[in-house]
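Engineer: got a predicted structure here, sequence first:
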Amino acid sequence: MKKIVCITAIAAFTLTGCSQNEEPAPEPMETEVAEAETVATAPDGGPAYGMFEVTSADGATVIMQDIREDGTVTNTIEGTEPTEGTWTTDGDGNFCLTMAGETETTCYADTVTDGVWTATNIADETDSWTVVRMADEEAEAAPAT
């Protein structure tokens, strides 16, 4: 009988000891995950902002277009005063411009075919432009605004 009481006491002591030494499972931690900012990208894979040479389909007009990250844009045509404006993208990802003095926004759908980037006015498909991103060295050599 002493053996049974002793074994029972040891078992009870062991169980009590285990339950006291066990740490409760940690509470799941709530972590706040910041939403990644969506950065608009151009068809060439670079950011939507930068310095671009934009040439009309007939080649008669060449615009140096300085598109800035803050949503502003400056168009410079050689021999004329620079024109300021703003840019954004619409719900379909099209590039949209509102130039100073204009009340309407013009949006362009971008395509790349055989490595050539073309921006076509959504409202007037005859208004299309070839777009070339200028490298830093080329941008520095662009006409001053």
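Structural biologist: That came in fine, so what should we check first?
Engineer: low-confidence ranges in the protein?
Structural biologist: Of all residues in the chain, those with pLDDT under 70 make up the ranges 1-39, 136-145.
Engineer: could you say which helix or strand holds Ala60?
Structural biologist: Ala60 is located outside every helix and strand, with elements delineated by DSSP states H and E.
Engineer: number of residues surrounding it?
Structural biologist: Ala60: 7 surrounding residues under other Cβ atoms under 10 Å. Bear in mind the C-beta positions are built from the backbone N, C-alpha and C, glycine included.
Engineer: measure it to Ile77 for me?
Structural biologist: Going from Ala60 to Ile77 by Cβ to Cβ, to the nearest Å gives 11 Å.
Engineer: ok, Ser128 - contacts?
Structural biologist: By Cβ atoms under 8 Å, 6 or more residues apart in numbering, the residues touching Ser128 are 56-57, 118-121.
Engineer: buried members of the residues you listed into PyMOL, please.
Structural biologist: Only the buried entries of these go into this PyMOL selection, using 16 or more other Cβ atoms under 10 Å:
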select buried, resi 118+119+120+121
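Engineer: closest to Ala100 out of the contacts of Ser128?
Structural biologist: Ala100 has its nearest neighbour among the contacts of Ser128 in Asn121, at 18.5 Å by Cβ to Cβ.
Engineer: give me the nearest residue to the closest one, chain neighbours excluded.
Structural biologist: Closest residue in space to Asn121, ignoring its immediate chain neighbours: Asp127 at 3.7 Å, by Cβ to Cβ, 6 or more residues apart in numbering.
Engineer: again with Val62
Structural biologist: Counting by Cβ to Cβ, 6+ apart, Thr55 is the residue found nearest to Val62 once chain neighbours are left out, at 5.1 Å.
Engineer: name the helices or strands packed onto the helix or strand that contains that neighbour?
Structural biologist: Take DSSP H and E as the rule and Thr55 turns out to sit in strand 50-56. Applying 3 or more Cβ pairs under 8 Å, 6 or more residues apart in numbering; DSSP states H and E, we find strand 50-56 packed against strand 62-67, strand 128-133, helix 136-140.
Engineer: strand partners (parallel or antiparallel) of that strand?
Structural biologist: Strand 50-56 has its sheet partners listed here by DSSP bridges as strand 62-67 (antiparallel), strand 128-133 (antiparallel).
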